[in-house]
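Trainee: Sequence plus predicted model, see below.
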Amino acid sequence: MKLNELRDNEGANKSRKRVGRGIGSGSGKTGGRGVKGQKSRSGVAINGFEGGQMPLYRRLPKRGFRNPFSKSYNAISLSRIQAAIDAGKLDANGTVNAEALIEAGVIRRPLDGVRLLSDGDFSAKLTFDVAGASKAAIEKIEKAGGSVQLPEKKEPVKKMAPKAKK
């Protein structure tokens, strides 16, 4: 093989379709765009437009509310943590927090924190540093000789009454 004989495989480079080159080409005149109107021109995006009629998304009432302050937690059962300890993935002596659970492969990403649930049996003596835990989960952990550290809840800020107008 010589350098001047190098070429792509057959069909690797398709030549573009040359539209609008006369009626004999098969894609001339309107160039495959149909006839007339807004859609035959370039740069058209009219999704949801109903020809002047009030569009469906404006006829229907608004519903729901998305709380911008809502939090999304990783809910993990104590049985999954016990299984990770039994498999040797999680250190039974250290503190269990989001980073330790990610390293052990119990969770994929921390989200807004970890919340413990009391599903299944639990017998390891561990210290947990998590965002939340159910009462039953805390009871099981303390019964096994462990402890749970939860973040302190902040008191809501009280608004002052507006001043009276003179």
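Mentor: Structure received.
Trainee: Tell me which residues touch the most centrally placed residue in the chain, please.
Mentor: Central residue of the chain (CA atoms, centre = their mean): Leu111, 9.6 Å from the mean position. Counting by CB atoms under 8 Å, 6 or more residues apart in numbering, Leu111 touches 72-74. Backbone N, C-alpha and C define where each C-beta goes, glycine included.
Trainee: Sort out which of the residues you listed are buried, if you could.
Mentor: Neighbour counting over the contacts of Leu111 (16 or more other CB atoms under 10 Å) leaves Asn74 as the buried ones.
Trainee: I'd like the contacts of Leu111 as CSV, with secondary structure and pLDDT appended.
Mentor: Converted to CSV, the contacts of Leu111 look like this (DSSP: H, G, I helix; E, B strand; the rest coil; pLDDT from 0 to 100):
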residue, secondary structure, pLDDT
Ser72, coil, 94
Tyr73, coil, 95
Asn74, strand, 94
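Trainee: Now flag whichever of the contacts of Leu111 is closest to Arg63.
Mentor: Nearest to Arg63, judged by CB to CB, of those is Ser72 at 21.2 Å.
Trainee: you'd agree that closest one is up against Val114?
Mentor: No: with contact defined as CB atoms under 8 Å, Ser72 does not count as touching Val114 (11.3 Å).
Trainee: those strands in this protein, which residues are they?
Mentor: With DSSP state E, the ranges of strands along the chain come out as 74-77, 95-96, 114-117, 127-129, 132-133, 147-149.
Trainee: export these to TSV and tack on distance to Ile107?
Mentor: Formatted as TSV, the strands of the chain follow (distance: least, CB to CB, whole Å):
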stretch	distance to Ile107
strand 74-77	5
strand 95-96	11
strand 114-117	7
strand 127-129	14
strand 132-133	14
strand 147-149	17
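Trainee: Any idea which of those gets closest to Ser42?
Mentor: Closest approach to Ser42 among the strands of the chain is made by strand 74-77 (47.6 Å; CB to CB).
Trainee: Okay, buried residues for the closest one please.
Mentor: So for strand 74-77, counting by 16+ other CB under 10 Å, buried means 74, 76-77.
Trainee: now swap in stretch 75-90 and tell me
Mentor: Buried positions in stretch 75-90, judged by neighbour count with 16+ other CB under 10 Å: 76-78, 80-82, 84-85, 90.
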